[in-house]
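Colleague: predicted coordinates and the sequence they were generated for:
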Amino acid sequence: MGETAEVLIIGAGASGAVAAKHLAEAGVGVVCLEQGRQVEASEFYGDKTEWELMSQRLWHPNPNVRGLATDYPIDTSESDVNPLMFAGVGGSTLIYAAHWQRFMPSDFRVKSLDGVADDWPFTYRDLEPFYDHMDVEMGVSGLAGDPAYPPMTPPPLPPLPIGKIGRLAAKGMNDLGWHWWPAPQAIPSRAYRGRSQCARRGTCMQGCPEQAKASTDLTHWPDAIANGAQLITGARVREITVNAQGLASGAIWIDRDGVEHHQRAEKVIVCANGVGTPRLLLLSGGDRFAGGLGNSSGLVGRNLMMHPYAATVGYFDEPLDSWLGPAGQAIHSMQFYETDKSRGFVRGAKWNAMPTGGPLGMRSAYGGAPLEEAWGENLHRATQKRFGHSFEWGIIAEDLPDPENRVVLDDSLTDTDGIPSPKIIYRNSENTEKLIAFHLERQREAMEAAGAKSISTTTLMRDCGWHLMGTCRMGNDPETSVLDQWGTSHDVPNLHVLDGSTFVTSSGFNPTATICAIALRSVMHMIETRADQRVAS
Amino acid sequence: MSTLSDSRRAALNTIGDVLIPAALGMPCFTDAGDVDAMVDHVLSLRRELTDGLNQALDRVGAEEEAAAAAERLNRDDPDGLATIGLVASSAYYMMPEVRRIMGYRGQEQRPATADEEHDYMRDGLLQPVIDRGPIFRDPDGD
């Protein structure tokens, strides 16, 4: 590691992969440090009998449940929601559902339109060409013409079928006169750029054994490496180093033998997600940057948003094959997305109609309930009621930025290398609770209209923090933001952040399409202005 | 190789048949096939369950009536009962005979056919949504 990298990327997930590919293709020398490892498709259980058994441990999205050495434990004792993630080449895209949702134009103008939170430093129109570009790189399947969006470039692949559950959900929405649309997904409906056609196993969230779903280990890393990017796995970064001029000069990382290295770099890009990135910045900076690197605003780690998730399950008499994939969403709805202040809250949520999986479900969650409620004849009754005969309307609830919701360094918990773990302090707001209550009531109506024989609701799923956003927010004012509109630190001009930490607001959408589009916009700007940038010598 | 001692396996089967009885056209736990082998398979993949399972099974008296033992365990050691339930139901729902009765072939490959695509366009299901037109706010539009 003696050479100085032109660009050091920390984290090989969604944004890190996008940055590495495009920088390498532009001839920039890239080194990427990833604490996890390369995962092979054969390691996923989606094509094996043991799929559900292993989804509750080895492929669980909560790192505290998996407990792998490549994960870092997270203190969630003061959080309503558990953050979810995966460390490895491809990051959390290995186990995401691949809902490929753009934000709507209003999402970038929340302050102007609704008088809350802040406006973003750019608009939907500014980001639109990068959304288009990412659709092609990921191989998005979808149907053009969704009236919830301005006219847009059609995705490269036709939509996946909406199936029996999608049609049933759609019928209910039609009866009520409500919006729905075949959902866009980063899952190929046709073989695409070396990836297989989706086999609809429905195991997207435990890894795709078909190598169909667009995870960035498949979509971006091969190109990045072919163009010279160096990817080092098992490399856990302890600290971003700073030189005498106050510029980022590289990172100290620890290999799996416990040996420390210093990777020098002219420029550092942090892509470690909305929890890992603030953790690393808070660990860095030394005496020169007391309180953390790039943290003169005091906002590193603050304004964490995680999208509290609630859901309504409808049970039907007719067979729905509701274990059939894709796991993520057959149709979506933005009927109640935009603000209507008469509802008593601002902002809204996307709904997604989803399958309900295999027969095992979560039997272990029933310990302590009356025995006859969960077991005995009722076990068979409940399984026959749910399995193959149900679907779920999920709610991606927009949570607004709140400085008190934050990532801090834990006083005692550490990872296997002794590096302080993050602690999450996160509470749902009154606005969020009202929003969820309203949407659950509407979903009950939608299920009744679809013909559900019975309905159950989940008001808040604790293991739902897939979407980690806001902890290094962008903005034009260094006093109220950490980064400028290009993801560049206001304090350290050669330090950049390109992951979900950058978000000003959370929207009510799954964020990966926007994370990737922002990363691409920022990295293209970086390439265009390469000659003018300050770098560490 | 057997993971459980004979006495623990007997206790698991006893409690397993209380939790998963023969009913509604489904077999009980021990009639689902070679559940002993499947339980061993479950524990080989989920080794972290073994200690908790053993501790829970050791609380089941050899002479105790099965339903009473399950009720007592659920009251006094709900985590232990949950572990027994997880191991038993995981094994049960992986048994070929159980899956056959349920009509479940696992998370099978079923790539979409052309007939399934765009059916909502052909039969007009999507048309009302199209007819209602845009529903978004556009602060930056013309």
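Modeller: All right, it came through fine.

Colleague: check contacts around the residue nearest the centre of chain A.
Modeller: What sits nearest the mean C-alpha location of chain A, by Cα atoms, centre = their mean, is A:H467, with 4.1 Å. Counting by Cβ atoms under 8 Å, 6 or more residues apart in numbering or on different chains, A:H467 touches A:G274, A:M305, A:M306, A:H307, A:I396, A:G500, A:S506, A:N510, A:P511. (C-beta placed from N, C-alpha, C; glycine too.)

Colleague: please apply the same query to A:D255.
Modeller: By Cβ under 8 Å, 6+ apart, the contact set of A:D255 is A:G234, A:A235, A:H261.

Colleague: among those, who's most crowded?
Modeller: Counting neighbours by other Cβ atoms under 10 Å in any protein chain shown, the top entry in those is A:A235, with 22 neighbours.

Colleague: enumerate every residue touching A:L400.
Modeller: A:V110, A:V116, A:A117, A:M305, A:V346, A:R347, A:S429, A:N431, A:T432, A:T505, A:S506.

Colleague: between those residues, which sits nearest B:D77?
Modeller: Of all the contacts of A:L400, A:T432 has the smallest distance to B:D77: 36.5 Å, by Cβ to Cβ.

Colleague: am I right that that closest one is in a strand?
Modeller: No. According to DSSP: H, G, I helix; E, B strand; the rest coil, A:T432 belongs to no strand; its state is helix.

Colleague: the residue nearest to the centre of chain A and B:N13: what is the separation?
Modeller: 44 Å (Cβ to Cβ, to the nearest Å).

Colleague: check A:S77 too.
Modeller: As judged by Cβ to Cβ, A:S77 and B:N13 stand 39 Å apart.

Colleague: before we move on, what about A:A235?
Modeller: 48 Å.

Colleague: same question for A:M461.
Modeller: For A:M461 relative to B:N13 (Cβ to Cβ), the value is 34 Å.

Colleague: on that earlier part again, just the buried residues of the contacts of A:H467.
Modeller: Taking 16 or more other Cβ atoms under 10 Å in any protein chain shown as the criterion, what is buried in the contacts of A:H467 is A:G274, A:M305, A:M306, A:H307, A:I396, A:G500, A:S506, A:N510, A:P511.

Colleague: grab the nearest non-local neighbour of the second one.
Modeller: Meaning A:M305. Distances taken as Cβ to Cβ, 6 or more residues apart in numbering or on different chains place A:S506 nearest to A:M305, at 3.8 Å, with adjacent residues excluded.

Colleague: ditto for the third one
Modeller: Closest residue in space to A:M306, ignoring its immediate chain neighbours: A:G465 at 4.0 Å, by Cβ to Cβ, 6+ apart.

Colleague: my read is that the one you found contacts A:V81, right?
Modeller: Yes. Counting by Cβ atoms under 8 Å, A:G465 touches A:V81, with 4.5 Å between them.

Colleague: ok, the two, which is more surrounded?
Modeller: Legend: neighbour count by other Cβ under 10 Å for A:G465 and A:V81, higher for A:G465 (28 against 24).

Colleague: which residue does the stretch 201-350 of chain A have closest to chain B?
Modeller: Proximity of the stretch 201-350 of chain A to chain B (Cβ to the nearest Cβ) peaks at A:R201, 4.3 Å away.

Colleague: chain center to the lowest-mean-pLDDT helix or strand in chain A, what's the gap?
Modeller: When the helices and strands of chain A are scored by mean pLDDT, DSSP states H and E, helix A:371-374 comes last with a mean of 87. Here helix A:371-374 shows a centroid-to-chain-centroid distance of 36 Å under the convention Cα atoms, centre = their mean, to the nearest Å.

Colleague: for stretch B:132-142, same thing?
Modeller: Here stretch B:132-142 shows a centroid-to-chain-centroid distance of 46 Å under the convention Cα atoms, centre = their mean.

Colleague: for chain B, which spans come out with low pLDDT?
Modeller: Chain B contains residues with pLDDT under 70 at B:1-2, B:142.

Colleague: check chain B for its longest helix and report it.
Modeller: Longest helix of chain B, by residue count under DSSP state H: helix B:78-94.

Colleague: before we move on, the earlier item: just the contacts of A:H467: which are in helices?
Modeller: Using DSSP H, the contacts of A:H467 in helices are A:G274.

Colleague: turn the contacts of A:H467 into a markdown table, including pLDDT.
Modeller: Below are the contacts of A:H467 laid out as a markdown table (pLDDT from 0 to 100):
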| residue | pLDDT |
| --- | --- |
| A:G274 | 98 |
| A:M305 | 98 |
| A:M306 | 98 |
| A:H307 | 97 |
| A:I396 | 96 |
| A:G500 | 98 |
| A:S506 | 98 |
| A:N510 | 98 |
| A:P511 | 98 |
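
Colleague: biggest separation within the contacts of A:H467, which pair?
Modeller: A:G274 and A:I396 (15.5 Å).

Colleague: how about A:L304: what's its closest non-neighbour residue?
Modeller: Sequence neighbours aside, A:N405 is the residue nearest to A:L304 in space, at 4.6 Å (criterion: Cβ to Cβ, 6+ apart).

Colleague: can you read off the backbone torsions of the one you found?
Modeller: Main-chain dihedrals, A:N405, degrees, to the nearest 10: phi -80, psi 120.

Colleague: quick revisit: could you find the closest non-adjacent residue to the residue of the stretch 201-350 of chain A closest to chain B?
Modeller: Nearest non-adjacent residue to A:R201, counting by Cβ to Cβ, 6+ apart: B:Q107, 4.3 Å away.

Colleague: can you check A:Q384 too?
Modeller: B:L24 is the one closest to A:Q384 (Cβ to Cβ, 6+ apart), at 6.6 Å.

Colleague: show me what contacts the one you found?
Modeller: A:E377, A:H380, A:R381, A:Q384.

Colleague: hang on, A:A229 packs against A:L23?
Modeller: Yes. Look at A:A229 against A:L23 with Cβ under 8 Å: they come within range, at 7.4 Å.

Colleague: mind listing the shared neighbours of these two?
Modeller: A:V30.

Colleague: all helices of chain B, in order?
Modeller: B:6-19, B:35-45, B:50-58, B:66-76, B:78-94, B:96-102, B:119-122, B:127-132.

Colleague: need these in TSV (columns: distance to A:H220 and mean neighbour count).
Modeller: Converted to TSV, the helices of chain B look like this (distance: least, Cβ to Cβ, whole Å; neighbours: other Cβ atoms under 10 Å in any protein chain shown):
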stretch	distance to A:H220	mean neighbour count
helix B:6-19	47	20
helix B:35-45	32	18
helix B:50-58	40	18
helix B:66-76	49	17
helix B:78-94	36	24
helix B:96-102	38	15
helix B:119-122	32	15
helix B:127-132	34	14
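
Colleague: hang on, A:S196 packs against A:K213?
Modeller: No. Applying Cβ under 8 Å, one finds A:S196 not in contact with A:K213, separated by 9.5 Å.
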